[in-house]
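# sequence plus the predicted model coming up.
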Amino acid sequence: MLAFAAYIVQKMVTKHHENSSHSQRLRQTSEELARPFATAGTKVIEESSSRGKVSSLPIFDASVILAATNNFALSNKLGEGGFGTVYKGELNGGERIAVKRLANFSTQGLDELKNEVLLIAELQHINLVCLLGCCIEGEELMLIYEYMENKSLDTIIFDKAKSSQLDWQKRFEIIKGIARGVLYLHQDSRLRIIHRDLKASNILLDKNMNPKISDFGLARIFCADDKKWQTNRVVGTYGYMSPEYAMDGIFSVKSDVFSYGVLVLEIVSGKKSRGIFGTESMLNLLSYAWNLWKDGKALELLDTSIFGNSNNNSEIMRCIHVGLLCVQDRPTDRPHMSEVILMLNSPDAHLPQPKQPGYFINSVVAHMEVPGYVESSSSCTVHDTTITIVEPR
Ligand SMILES: Nc1ncnc2c1ncn2[C@@H]1O[C@H](COP(=O)(O)OP(=O)(O)OP(=O)(O)O)[C@@H](O)[C@H]1O
């Protein structure tokens with residue numbers, strides 16, 4: 001962080017004319033940004049919020065980001081998602097960063113955009129990825145994050161060659177760490193954030209395999225006009241979205257709880273929620289887990305690559321139980337994250353019996369109205385569109 005701090009050379013509050021267009025404003029800003037940085041790296045956005053607190057966030061000069069990523073070299077590309085492309089980079093002082101290039105973000109004005117980025121930067125928790133700064137260049141916004149050595153959870157748990165790196169104890173710690181991060185977003189931070197896209201590729205792992213949630217707050221940047229609780233712009237990933245969010249655009253802390261439950265079942269089983277399992281019929285992960293649970297064979301869900309230590313059976317059962325409680329069809333039946341944490345940490349707690357999960361249809365066809373539909377390596381991400389689940393006749 002010392003090397004990083006050395007880049008911060010000046011503080012400023014940028015003022016913009018209310019009546020200039022969004023793109024003009026962005027261009028104007030990037031010109032303003034370029035000026036003071038002939039020799040230096042970053043400055044700071046600083047703004048007083050309505051709550052009277054002054055927040056600040058370093059703004060990186062584009063030249064610093066270009067140098068750090070070797071002009072966004074393909075070899076530095078870490079991945080691509082619905083919000084943009086992510087590159088690995090190294091600052092002059094040797095500090096490693098991840099640069100997320102967001103394109104086509106919401107049409108909100110620059111001031112509002114900066115506010116949103118500042119709000120995200122204010123969210124700090126050991127289980128959230130740290131936002132180090134941002135860079136605005138033309139119509140592009142780049143978010144600069146701390147680099148996570150072990151990349152995302154999906155790259156390990158769904159990879160047969162790597163999945164044994166995460167034994168049960170590590171998986172249990174990851175399950176609990178994610179729960180703490182989500183609780184912070186829902187309840188303990190100064191804002192109330194509903195993530196809306198919790199999934200394995202949004203859980204990053206540091207060098208000690210500690211989980212850090214990424215992409216929190218991005219739904220707000222991309223959907224500035226739908227901070228209300230119902231939206232016709234669904235930002236989320238098929239396989240993780242709760243029924244009420246996927247079908248009616250209704251999101252709440254309970255839709256995040258549903259996605260968390262899917263994640264828990266994926267971490268326990270090493271299976272993707274959208275896969276097809278079971279021998280007799282086409283089962284997705286939720287219905288597969290539910291059938292095993294009903295038949296008293298829930299432990300069979302456990303990833304075979306970490307099978308074998310019966311000392312952990314009660315923890316494993318508890319995680320499956322909590323996962324199934326989280327994916328129940330009716331939002332009101334699902335626990336709050338504070339209850340999830342209590343249940344995970346209390347070996348003797350009496351847990352209610354789960355009801356049938358949402359999406360418990362043996363064979364479903366997901367019909368997507370395609371504008372804005374993006375197929376990424378591990379998931380379908382749907383932006384600016386609606387999803388209709390239809391049962392085949
Ligand atoms: N801070 C980071 N450190 C290391 N790797 C990262 C970091 N952020 C993202 N990545 C890698 O880049 C990949 C792409 O990330 P990104 O969040 O853009 O897409 P996604 O999560 O796969 O999809 P979506 O945008 O739909 O959520 C991730 O899966 C992860 O492997």
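Sure thing, it's come through.

# for residue 177, list the residues it contacts.
Each residue near residue 177 by Cβ atoms under 8 Å, 6 or more residues apart in numbering is listed here: 126, 127, 210, 211. Where C-beta positions appear, they are placed from N, C-alpha and C, glycine not excepted.

# so the third one sits against residue 127, correct?
Yes. In this structure, residue 210 is within contact of residue 127 by Cβ atoms under 8 Å, at 7.5 Å.

# about what we covered before: ok, and the most crowded of the contacts of residue 177?
Tallying neighbours with other Cβ atoms under 10 Å puts residue 211 at the head of the contacts of residue 177, with 28 neighbours.

# tell me what that residue is bridged to.
When bridges are called by DSSP bridges, residue 211 pairs up with residue 205.

# tell me which residues of stretch 136-152 are tucked away?
Neighbour counts over stretch 136-152 (16 or more other Cβ atoms under 10 Å) mark 136-137, 140-148, 150-152 as buried.

# near the ligand at all, it?
Yes. For stretch 136-152, a contact with the ligand is found by Cβ under 6 Å from any ligand atom, at 145, 147, 148, 151, 152.

# helices along the stretch 151-300 of the chain, start to end?
Using DSSP state H, counting those that start in this stretch, the helices assigned to the stretch 151-300 of the chain run over residues 154-157, 168-183, 218-222, 243-248, 253-269, 285-294.

# so which of those comes closest to residue 114?
Residue 114 lies closest to helix 218-222 among those, at 10.5 Å (Cβ to Cβ).

# where does this protein have low pLDDT?
Scanning the chain for pLDDT under 70 picks out the ranges 1-55, 103-112, 219-235, 278-282, 308-310, 360-393.

# what residues does it have near the ligand?
78-79, 81-83, 86, 98, 100, 129, 145, 147-148, 151-152, 155, 197, 201-202, 204, 214-215, 376, 381.

# try it again with 8 Å
Taking Cβ under 8 Å from any ligand atom as the contact definition, the chain meets the ligand at 78-86, 88, 97-98, 100, 129, 145-149, 151-152, 154-155, 197, 199, 201-202, 204, 212, 214-215, 218, 237, 374, 376-379, 381.

# can you tell me the closest non-neighbouring residue to residue 169?
residue 312 (7.6 Å; Cβ to Cβ, 6 or more residues apart in numbering).

# mind checking how far the one you found is from residue 172?
8 Å (Cβ to Cβ, to the nearest Å).

# returning to what we had before: tell me which of the helices of the stretch 151-300 of the chain sits most buried.
Using mean count of other Cβ atoms under 10 Å, the stretch among those with the largest mean neighbour count is helix 253-269, at a mean of 26.

# residue 338: neighbour count?
Residue 338 sits with 13 neighbouring residues when counted by other Cβ under 10 Å.

# what is the strand or helix carrying it packed up against?
Here residue 338, judged by DSSP states H and E, is contained in helix 337-345. When contacts are defined as 3 or more Cβ pairs under 8 Å, 6 or more residues apart in numbering; DSSP states H and E, helix 337-345 sits against helix 168-183, helix 253-269, helix 313-326.

# can you tell which of the ones you listed is closest to residue 289?
Nearest to residue 289 among these is helix 253-269 (5.2 Å), distances taken as Cβ to Cβ.

# the closest one to helix 168-183, inter-axis angle?
Helix 253-269 and helix 168-183 are oriented at 170 degrees to each other (axes from the mean of the first three to the mean of the last three Cα atoms, to 10 degrees).

# how about the closest residue to residue 200 other than its chain neighbours, what does it touch?
Nearest residue to residue 200, sequence neighbours excluded (Cβ to Cβ, 6+ apart): residue 154, at 3.8 Å. The contact partners of residue 154, by Cβ under 8 Å, 6+ apart, come to 199, 200, 201, 203, 378.

# ok, the second one touching residue 163?
No. Using Cβ under 8 Å, residue 200 is not in contact with residue 163, being 11.8 Å away.

# when these two are compared, which one has more neighbours?
Shown here are residue 200 and residue 163; by other Cβ under 10 Å, residue 200 has more neighbours (24 against 17).

# residue contacts, the more buried one?
152, 153, 154, 157, 158, 263, 266, 267, 272, 378.

# who's in contact with the fifth one?
In other words, residue 158. Contacts for residue 158 were tallied using Cβ under 8 Å, 6+ apart; they are 200, 270, 271, 272, 378.

# if we can go back for a sec, out of the contacts of residue 200, who's nearest the ligand?
Nearest to the ligand among the contacts of residue 200, counting by Cβ to the nearest ligand atom, is residue 152 at 3.8 Å.

# burial of the nearest residue to the closest one once chain neighbours are set aside, as a residue count?
Residue nearest to residue 152 in three dimensions, not counting chain neighbours: residue 201, with 4.6 Å by Cβ to Cβ, 6+ apart. For residue 201, the count of nearby residues is 22 (other Cβ under 10 Å).

# touching, residue 201 and residue 148? I think so.
No. Using Cβ under 8 Å, residue 201 is not in contact with residue 148, being 11.9 Å away.

# point me to the residue of the protein nearest the ligand.
Nearest residue of the chain to the ligand (Cβ to the nearest ligand atom) works out as residue 81 at 2.0 Å.

# surely that residue and residue 199 touch.
No. At 10.0 Å, residue 81 does not count as touching residue 199 under the criterion of Cβ under 8 Å.

# mind checking which of the two has more residues around it?
Just comparing residue 81 and residue 199: by other Cβ under 10 Å the higher neighbour count belongs to residue 199, 28 against 23.

# for the more buried one, give its distance to residue 157.
Per Cβ to Cβ, residue 199 is found 12 Å from residue 157.

# what's the answer for residue 79, then?
Taking Cβ to Cβ, one finds residue 79 at 16 Å from residue 157.

# now do residue 246
The gap separating residue 246 from residue 157 is 23 Å, by Cβ to Cβ.

# now residue 87
According to Cβ to Cβ, residue 87 stands 24 Å off from residue 157.

# equivalent analysis for residue 166, please.
To residue 157, residue 166 is 6 Å away according to Cβ to Cβ.

# residue 206: neighbour count?
Number of residues near residue 206 (other Cβ under 10 Å) recorded here: 15.
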